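Novice: Predicted model and sequence below, questions to follow.
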Amino acid sequence: MTGRIFVLIGPSGVGKTTLAEKAQSDGIADRIITCTTRTPRPHEIPNRDYYFLTLEEFGNRVDNGEFVENEWIHGQRYGVLVRELSRALESGRTALISLGYGGAERVKSLWPHNVTIVGILPPSSDSLRSRLKERGTAAEEMAFRLRAIDHEAETVKKLADIFFVNDELGDAYHRLRQVIAKGPSSHRIADH
Ligand code: ADP
């Protein structure tokens, strides 16, 4: 298998989506199509933007263990299929996806030599606070997220093959490009 998957992990609001979308729109890495139970928005094309599933179909796939990760967001289900990732690897693609910690761990254990976990850390809790605020996060949720941040930073460092701080976006993007150019299983696997 010649494909590679780069998995971005990090606290909510740290810039994973921003970095991933930039890399995808620059053609550096492919997007993995995810599943959702929400209805398509007018501009969205099924099977290109998302796999749109009914609640029942989604539930069956969860029961069959087909997802590496799935979650509820605003009353809708979202998930990443194992099959989508294995297809990307089999066809030799370079893919980039943002996952939660459990999902990242699972993907790494499935294909340890093709997967690189890239940890993204915030420069300080002050900057994370202002980014969350910018995104319209409620005060209560913000306090909760900020308390979790120190603990999360430890998790990120433990799981990631490589990690860096997203302070200036251009710099962080440059680091991400370097990691992707260098290839899978950067340094840590070699150390074991
Ligand atoms: P995540 O996907 O990790 O939850 P997002 O990519 O959605 O985070 O980013 C959260 C917010 O922070 C967005 O409004 C985004 O534009 C902004 N942002 C991301 N990176 C930076 C950066 N380096 N400097 C300033 N703002 C940033």
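Specialist: Everything's here; your move.

Novice: And the helices in this structure?
Specialist: 16-25, 55-63, 82-90, 101-110, 125-134, 139-159, 169-182, 188-191 (DSSP state H).

Novice: Can you tell me how far the residue nearest to Glu152 when sequence neighbours are not counted is from the ligand?
Specialist: Nearest residue to Glu152 in three dimensions, chain neighbours excluded: Pro11, at 4.7 Å (Cβ to Cβ, 6 or more residues apart in numbering). To be clear about C-beta, it is placed using only N, CA and C from the backbone, and glycine gets the same treatment. Taking Cβ to the nearest ligand atom, to the nearest Å as the measure, Pro11 falls 7 Å from the ligand.

Novice: looking at the helices of the chain, which is closest to Pro40?
Specialist: helix 55-63 (14.7 Å; Cβ to Cβ).

Novice: tell me the angle that closest one makes with helix 82-90.
Specialist: For helix 55-63 against helix 82-90, the angle between stretch directions is 70 degrees (axes from the mean of the first three to the mean of the last three Cα atoms, to 10 degrees).

Novice: and helix 55-63, which residues are buried?
Specialist: Going by neighbour count (16 or more other Cβ atoms under 10 Å), the buried part of helix 55-63 is Phe58, Arg61.

Novice: Can you dump the C-alpha atoms of it in PDB for me?
Specialist: Extracted C-alpha coordinates of helix 55-63, given in PDB (Å, rounded to 0.1, in the frame of the first residue of the first chain):
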ATOM      1  CA  LEU A  55     -30.500   7.700  10.600                       C
ATOM      2  CA  GLU A  56     -31.300   4.000  10.100                       C
ATOM      3  CA  GLU A  57     -28.500   3.500   7.600                       C
ATOM      4  CA  PHE A  58     -26.100   5.300   9.800                       C
ATOM      5  CA  GLY A  59     -27.100   3.300  12.800                       C
ATOM      6  CA  ASN A  60     -26.700   0.000  11.000                       C
ATOM      7  CA  ARG A  61     -23.200   1.000   9.900                       C
ATOM      8  CA  VAL A  62     -22.300   2.000  13.500                       C
ATOM      9  CA  ASP A  63     -23.600  -1.400  14.600                       C
END
